[in-house]
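K.L.:
below are the sequence and a predicted model for it; my questions follow.
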Amino acid sequence: MTASPLCALATCARLPEGSDDARMLAAALTGLGVAADIAVWDDPDVDWSRYDLVVVRSTWDYTDRRDEFLAWAESLPRVLNPADVLRWNTDKRYLRDLEAAGVPVVPTRWDPDGIPADWPEYVLKPSVSSGSRDTARWGPGEEDAARAHLRALRDAGRTVMLQPYLEAVDTAGETALVFLGGEYSHAGRKARVLNPGAGIEGLAGLGEARGKVTAATATDAELDLAHRVLDAVPGGRDLLYARVDLIPGPGGDPLLIELELTEPALYLEHAPGSDDRFAKAVAARL
């Protein structure tokens, strides 16, 4: 008798039972006859060689140990998304590659010398970060605090990103387009995360900083841009999952703010049937 395939869904030590998405995926895989364990990525007692496939899910503590996380991923017999994609995607400098490929992205200054005098509001953040940690929104009268933030990131040896704060975040929010098994699945609308003059709104210290998330319908323009983004990913033909985060630019056309290929929340709870679609995509890879 052929043994049932065995899959691991990787999480972090502070969330040993996995995220909502991971638990939904595990249950859906069980329904397809695929055994799925939720396992902590840096647990020394886990024998990763037992698994036919490791799917990266809520590994939300990797940013302080990125090299260790990538070494773990590269040591696995089979991991999705692929380890080379994880390496590329865990540093937001990937936005430079996508922009060079013709993708419209939120304007970004890398390692700026100072704070712009002509931007009404702006965001400072490091290029390696998860859940918008160490990210803040600044505006008029907050120059000293913004400079201190910039200096702290630099002193820590981190690559700094400076972006204009787009007003559409407060009105339209971000639209997150989710792809499973290479196919568009569903979309979610994310409300504002950053408050003026402060860091994260509602951040619990782990995982993604999330304003209210609601189901959304992607526009034709958003779908077109999302496909262009994914077509430009180096080695992106073997993507199991992807989340493309878009925001309206000043003229109304969508811009890419982030591409999440490592450990994104996929908002399965907001899209009935998406857990089954995800499970079928995983099973197809087995």
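P.N.:
In hand now; what should we look at?
K.L.:
ok, residue 245 - contacts?
P.N.:
Residue 245 sits next to 174-177, 190, 256-260 when contact means CB atoms under 8 Å, 6 or more residues apart in numbering. From N, CA and C alone the C-beta is placed, and that goes for glycine too.
K.L.:
residue 91 in helix, strand or coil?
P.N.:
What DSSP: H, G, I helix; E, B strand; the rest coil gives for residue 91 is coil.
K.L.:
how many residues are close by it?
P.N.:
14 (other CB atoms under 10 Å).
K.L.:
can you tell me how far it is from residue 54?
P.N.:
21 Å (CB to CB, to the nearest Å).
K.L.:
just the CA trace of the helix or strand bottoming out on mean pLDDT in the chain, in PDB.
P.N.:
Lowest mean confidence among the helices and strands of the chain (mean pLDDT, DSSP states H and E): helix 168-171, at a mean of 85. Extracted C-alpha coordinates of helix 168-171, given in PDB (Å, rounded to 0.1, in the frame of the first residue of the first chain):
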ATOM      1  CA  ALA A 168      -5.600  56.600  -0.800                       C
ATOM      2  CA  VAL A 169      -4.600  54.500   2.100                       C
ATOM      3  CA  ASP A 170      -7.000  56.400   4.300                       C
ATOM      4  CA  THR A 171      -9.900  56.200   1.800                       C
END
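K.L.:
run through who's touching that helix.
P.N.:
The contact list for helix 168-171 (CB under 8 Å, 6+ apart) reads 192, 194, 247-249.
K.L.:
farthest pair in those?
P.N.:
Within the contacts of helix 168-171, 194 and 249 form the most distant pair, 17.6 Å apart (CB to CB).
K.L.:
compare these two and say which one has the larger neighbour count.
P.N.:
The residue with more neighbours, out of residue 194 and residue 249, is residue 194; 23 against 16, by other CB under 10 Å.
K.L.:
thinking again about what came up before, take the contacts of residue 245 and keep only those in helices.
P.N.:
Among the contacts of residue 245, DSSP state H puts none in helices.
K.L.:
so which of those residues sits lowest on pLDDT?
P.N.:
Least confident entry in those, by pLDDT: residue 190, with 88.
K.L.:
what's the neighbour count on it?
P.N.:
Neighbours around residue 190, by other CB under 10 Å: 22.
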